[in-house]
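Undergrad: Okay, predicted coordinates and the sequence, questions at the end:
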Amino acid sequence: TKWVYTFGDGQAEGEAGMRNLLGGKGANLAEMSNLGLPVPPGFTITTEVCTYYYDHGQSYPPELEGQVRAALDTVGRLTGRAFGDPANPLLVSVRSGARASMPGMMDTVLNLGLNDGTVEALARAAGDERFAYDSYRRFITMYSNVVLEIDHHHFEEVLDGYKDRKGYTLDTDLTAADWKTLIGQYKGIVERHLGRPFPQDPQEQLWGAIGAVFGSWMNNRAIKYRELHAIPASWGTAVNVQAMVFGNMGETSATGVAFTRNPSTGESELYGEFLINAQGEDVVAGIRTPQDITERARIAAGSTKPSMEAEMPEAYGELVRIYGILERHYRDMQDMEFTIEAGKLWMLQTRSGKRTAKAALRIAVELASEGLISEAEAVGRVDPASLDQLLHPTIDPKADRTILATGLPASPGAAAGEVVFNSEDAEAARKAGRKCILVRIETSPEDIHGMHAAEGILTTRGGMTSHAAVVARGMGKPCVSGAGTIRIDYANQTMTVGGRTVAKGEILTIDGSMGQVLLGQVKMQEPELSGEFATLMGWADKARRMKIRANAETPLDARTARTFGAEGIGLCRTEHMFFEGDRIVAVREMILAEDEAGRRTALAKLLPYQRADFVELFTIMSGLPVTIRLLDPPLHEFLPHTEEEIAEVAGAMGTSAEKLKRRAQELHEFNPMLGFRGCRLAILYPEIAEMQARAIFEAAAEAAKATGAPVTPEVMVPLVMTKAELDLVKARIDAMAQAVMTETGTQIEYQVGTMIELPRAALRAGDIAESAEFFSFGTNDLTQTTLGISRDDAASFLGPYVQKGIIEADPFVTLDQEGVGELVSLAAERGRRTRNGIKLGICGEHGGDPASIRFCQSLGLDYVSCSPYRVPIARLAAAQAAI
Ligand code: PEP
Ligand code: MG
């Protein structure tokens, strides 16, 4: 078996495609060699050795030693040196390199091969004794730290003490003689810890470092990181051994990192920093301030230190040449490491660079415009979830944050304003022209108006699909939910956290993208829906198959949804309109009525409101499909609470407050989410469904007449568990459609369908499809009922469940494909068997989650529906799923 692959001098045994075998770093070093770029020669020990090592009681394949020796000979030949040769020593670096970049693993040992003898040879060769001993002491500390596991601080203490005694401030103040003295002390430290001297034999050093790399694959930090990022332990890491080039060989030497494009803005410019007379660790350590690479960046930063462009023009020119080659070759923005040794530039690493969402968008679009990648590839280059960062105001990355508490990042973006503790105060603040943050233990449908009035919402209870979270996302308002360490005192209008009390009127900022609650007004930046955003979205739209609809009910939401590219409404939750204006009084009247006649009186008051709402919705969505769901939530949610509310409703109904209270008592439920809700309401109180159906059809007729565009409403029945339920409700809807058509003399095309949001409905989808013309998967309730986890109370244990790895992700955020997903898949299949081509969509929160969208694509769903602000994310995710 071949365990070792060499590279250098314009050729290599490996190449970029061999990432699995050579790791990311090794594959790219080989590739750069093949491209003829200046890469110090070296070799990669494959990831298969790592696997072998752990499969064979931490031992190596027998052929490995010979292959490493041969590779070292090759490197020696290319550099004109020999490993361990006291007169002309080859020195090497040893680095780990897994398939995916993995912090937590052993990183780097530089200057390996130095010992008391070879250090003299290095001094002679470089003509610089100080440089040689500086390199040796670096090697001893680094090797001791990562291979011998003797902590850095032991060496640093000795160094600091020495500098104090000598009156030095900088490491560069130390002379060769100083380093020699210190090296003696360093060796003493090692011997004390190890019980034997620092290894002088280069072979022993090398195998020690190789063993440390493989050993670090199984250290706790690496294991933890793999767990978090779903990297299998079986992948293993490679080891890269490479001839040293020295950035610390005086003023014509340097080391640095550079990006081929600006990683925060995406601008096409060489961007990075470097340090003269330094080795790699110095850049990372941050002891010395690095210099800019380009003059332009230096001027922009107002730095007085010369740029690489000005100070090392030749090496700079070489870097510019190479970055062009690399970017064209890899067809992506690269993150490169380089070293300049005595004026000559060497490349040590290249890889795809990490970037912000904004930069990702710009880079993808520009690479496609430059013809380096196709439009479809550009679509694949942007993480859909990251678009969230672009659609809302966000906290200025440079701003200071005083974090008061953290909760769930329930709805992205940042907002600031004075604290209010109820919806009335939120509205009052808004009317007075002041911005506010609505802070509640939890919110309910009654708070909709307060949530509308507030800039952002903060709750101390509730998960990612709690009322506050869902509604805030729908409104595009930032929300932090379940910030459980905060105690709210409604009576005193204060909130307390960590010994600090914030009173009504004080300013808070919330960061709904991070789930943070911050003290005071923190600086923000506005979203930029620049040209690149629109361009990439256009390409995504060309690529995707599934339609994207929005969950929206208010005109504002519907307009926002259209602005973001929604192709219809997949879920209009009619009850959300019940709290607008003074409608709630009529709604309460209806609920609390003693009999059908009483209900009909109240419903007659609601009809014109509903009709007007639907006319507006149909007009805004002109020509696009609109799915309207009949009343769904438990009536319980609409009950009056305060004495005034009860008195108000009693007045409107001409009944006594006492009687009303008794009726409200009767309607109280222990488990409202599993109670009198959904189609159960329509079955027991058919007049409610009739009123809603009438409003829908009258509005359809009116809007069609007004706009000239056909309106095809899709009437949706919630929480169905049997076909019989759907049939009963459908009969009412059909009858009402007939009636309205006769009354208005207009033909109305419409469909009646159902939500699939109970396991029984999914299982019986075959017979339900006999009556339903479409299915919309309500995966919020389907998750809740399949897992037996209340969506409103899950926050307290779901977090720990995810942390412990019991479940992979919050099932209310990312669809549980194995469980809930199987029900969806089975229902889709059974529905189609009954009704060929039945229209299938999803309108649970998962409709805006990229992983769940991919799953929907695989099931062949026709559309996904999500809150308006997630529409762009869904468009991009659906495109990626289709490519
Ligand atoms: C659902 O259950 O997935 C759904 C969309 O309905 P709601 O969230 O209104 O219960
Ligand atoms: Mg539901």
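TA: Now that the structure is in, tell me what you want to look at. These numbers come from a predicted model, not from an experiment. Residues are numbered from 1 along each chain as shown. Ligands and ions are numbered 1, 2, ... in the order given.

Undergrad: from here on, contacts and neighbour counts on C-alpha atoms
TA: Will do.

Undergrad: so where's this structure shaky on pLDDT?
TA: 104, 281-288, 465, 474, 528, 530 (pLDDT under 70).

Undergrad: tell me the domain ranges of it?
TA: What automatic domain parsing lists as the domains of the chain is 4-243, 254-355, 393-525, 544-575+611-630+682-882.

Undergrad: and of the ones you listed, who's closest to ligand 1?
TA: In terms of Cα to the nearest ligand atom, the element of the domains of the chain nearest to ligand 1 is domain 544-575+611-630+682-882, at 3.0 Å.

Undergrad: Now mean neighbour count and distance to residue 595 too, for the domains of the chain, in JSON lines please.
TA: Output for these, formatted as JSON lines (neighbours: other Cα atoms under 10 Å; distance: least, Cα to Cα, whole Å):
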{"stretch": "domain 4-243", "mean neighbour count": "19", "distance to residue 595": "57"}
{"stretch": "domain 254-355", "mean neighbour count": "19", "distance to residue 595": "63"}
{"stretch": "domain 393-525", "mean neighbour count": "22", "distance to residue 595": "25"}
{"stretch": "domain 544-575+611-630+682-882", "mean neighbour count": "21", "distance to residue 595": "10"}
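
Undergrad: For those domains, please prepare CSV with the additional fields distance to residue 371.
TA: CSV is the format used below for the domains of the chain (distance: least, Cα to Cα, whole Å):
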stretch, distance to residue 371
domain 4-243, 21
domain 254-355, 9
domain 393-525, 32
domain 544-575+611-630+682-882, 20
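
Undergrad: The ones you listed: which one's closest to residue 601?
TA: domain 544-575+611-630+682-882 (10.5 Å; Cα to Cα).

Undergrad: now that closest one, how far from the chain's geometric center?
TA: Put simply, domain 544-575+611-630+682-882 sits 26 Å off its chain's centre (Cα atoms, centre = their mean, to the nearest Å).

Undergrad: Is that domain positioned near ligand 1?
TA: Yes: using Cα under 6 Å from any ligand atom, domain 544-575+611-630+682-882 reaches ligand 1 at 757, 778, 779, 780, 781, 843, 844.

Undergrad: For the third one, list the residues it contacts.
TA: Contacts for residue 779 (Cα atoms under 8 Å, 6 or more residues apart in numbering) come out as 756, 757, 815, 820, 842, 843, 844, 845, 846.

Undergrad: I'd like the distance between it and residue 757.
TA: From residue 779 across to residue 757, the span is 6 Å (Cα to Cα, to the nearest Å).

Undergrad: what about residue 637, neighbour count?
TA: 13 (other Cα atoms under 10 Å).

Undergrad: Dihedrals phi and psi, it?
TA: phi -70, psi -20 (degrees, to the nearest 10).

Undergrad: Would you mind confirming that it makes contact with residue 445?
TA: Yes: with contact defined as Cα atoms under 8 Å, residue 637 reaches residue 445; the gap is 7.0 Å.

Undergrad: Can you add distance to residue 358 and secondary structure and give the residues of domain 544-575+611-630+682-882 next to ligand 1 back as JSON lines?
TA: Shown next, in JSON lines, are those (distance: Cα to Cα, whole Å; DSSP: H, G, I helix; E, B strand; the rest coil):
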{"residue": "757", "distance to residue 358": "37", "secondary structure": "coil"}
{"residue": "778", "distance to residue 358": "33", "secondary structure": "coil"}
{"residue": "779", "distance to residue 358": "31", "secondary structure": "helix"}
{"residue": "780", "distance to residue 358": "31", "secondary structure": "helix"}
{"residue": "781", "distance to residue 358": "35", "secondary structure": "helix"}
{"residue": "843", "distance to residue 358": "28", "secondary structure": "coil"}
{"residue": "844", "distance to residue 358": "28", "secondary structure": "coil"}
